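Peer 1: turn this into a model:
(one chain, ligands or ions: 1)
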Amino acid sequence: MIRLSERLQKIYDQVLPSESVCDVGTDHGYLPLALLESGRSPRVIMSDISEGSLLKCRENAENMLSQAAPFDLRQGSGIEVLEPGEVDTVVMAGMGGMLISELLGKDYCHAHSFRRYILQPRKHVGRLRYWLLDNDFTVVHEDLAREGKFIWPILTVESFGRALFVNADPDDIEFEYPLTLLEYKNELTEEYLRNALELERLKLGSKTAGSLTTFSELRTQRHRVARLEYMIERL
Ligand SMILES: C[S@@+](CC[C@H](N)C(=O)[O-])C[C@H]1O[C@@H](n2cnc3c(N)ncnc32)[C@H](O)[C@@H]1O
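Peer 2: Presented below is the predicted three-dimensional model:
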């Protein structure tokens with residue numbers, strides 16, 4: 001049986017049984033190979049922009065799959081490797097949030113032809129949440145997973161939701177730390193929020209000391225600290 005890291009296992013758990021999956025930026029292919037091996041997904045596509053990654057995937061598929069199973073390797077960028085609606089779920093993990101939104105934003109209709117996405121951004125998660133809402137995607141589940149020194153957010157997203165805000169700023173803390181993190185809290189949530197609070201308090205300290213800080217920057221920074229304190233109190 002293929003053993004996955006905690007992060008990849010949590011992504012695996014978000015794949016609905018019997019759904020076909022494309023893992024974009026698959027690199028080693030561990031997640032789709034595990035989905036195929038266990039039978040959770042009847043069909044997987046492993047895609048990556050890098051030829052070297054796909055060679056690694058092929059080798060892993062040959063070594064790890066206990067019996068011949070139908071895997072499909074595709075080289076290319078983002079969801080361009082897919083026909084509209086070709087799979088039920090698209091996974092994009094281990095990439096930056098800005099890159100994920102750029103890849104999905106290339107073609108609105110194509111991006112919405114897939115029902116479900118599981119996204120695990122390495123950074124800029126707030127920007128990604130903003131982009132998703134602004135482009136009619138709905139976050140239906142949130143998770144956090146530890147890997148290495150970091151705790152990573154995992155967003156399960158469905159096509160078409162409510163675009164329900166105006167005058168928001170993509171850098172608003174509400175996108176980085178939404179209240180849904182409390183709704184889906186797990187054993188990592190408190191540490192994740194406390195780490196963020198420590199960082200925001202440090203930034204507040206340096207802004208308070210800095211003579212060039214504007215009143216509006218100071219107010220935003222105070223709001224960021226207060227927001228995290230509020231969330232931690234409600235855990
Ligand atoms: C850090 S690895 C993540 C591997 C795996 N998804 C995981 O989460 O463990 C990022 C992968 O994304 C691939 N990548 C980067 N830009 C891409 C793009 N535009 N389209 C497809 N894959 C891309 C890289 O080649 C690399 O293999």
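Peer 1: could you use CA atoms for every contact and neighbour count after this?
Peer 2: OK.
Peer 1: residue 84: which element?
Peer 2: Here residue 84 sits in a region with no helix or strand, counting by DSSP states H and E.
Peer 1: how about the contacts made by it?
Peer 2: Contact analysis of residue 84 by CA atoms under 8 Å, 6 or more residues apart in numbering lists 110, 113-114.
Peer 1: number of nearby residues for the closest residue to residue 32 other than its chain neighbours?
Peer 2: Nearest non-adjacent residue to residue 32, counting by CA to CA, 6 or more residues apart in numbering: residue 44, 6.0 Å away. Neighbour count for residue 44, taken as other CA atoms under 10 Å: 24.
Peer 1: give me the phi and psi for residue 44.
Peer 2: phi -130, psi 150 (degrees, to the nearest 10).
Peer 1: list, one by one, the residues from the chain near the ligand.
Peer 2: 24-27, 48-50, 53, 76-78, 93-95 (CA under 6 Å from any ligand atom).
Peer 1: export stretch 83-103 to CSV, keeping only CA atoms.
Peer 2: Extracted C-alpha coordinates of stretch 83-103, given in CSV (Å, rounded to 0.1, in the frame of the first residue of the first chain):
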residue,chain,number,x,y,z
GLU,A,83,-10.7,18.7,-22.1
PRO,A,84,-13.6,20.6,-20.5
GLY,A,85,-15.3,18.4,-17.8
GLU,A,86,-12.9,15.6,-18.5
VAL,A,87,-12.5,14.7,-14.8
ASP,A,88,-14.7,15.3,-11.7
THR,A,89,-12.0,16.7,-9.5
VAL,A,90,-8.8,18.7,-10.1
VAL,A,91,-6.1,18.7,-7.4
MET,A,92,-3.5,21.5,-7.4
ALA,A,93,-1.1,21.1,-4.4
GLY,A,94,2.2,22.5,-3.5
MET,A,95,2.0,25.5,-5.8
GLY,A,96,1.7,29.2,-4.9
GLY,A,97,-1.8,30.6,-4.5
MET,A,98,-1.1,33.2,-7.1
LEU,A,99,0.0,30.6,-9.6
ILE,A,100,-3.1,28.5,-8.9
SER,A,101,-5.4,31.5,-9.5
GLU,A,102,-3.4,32.5,-12.6
LEU,A,103,-3.8,29.0,-14.1
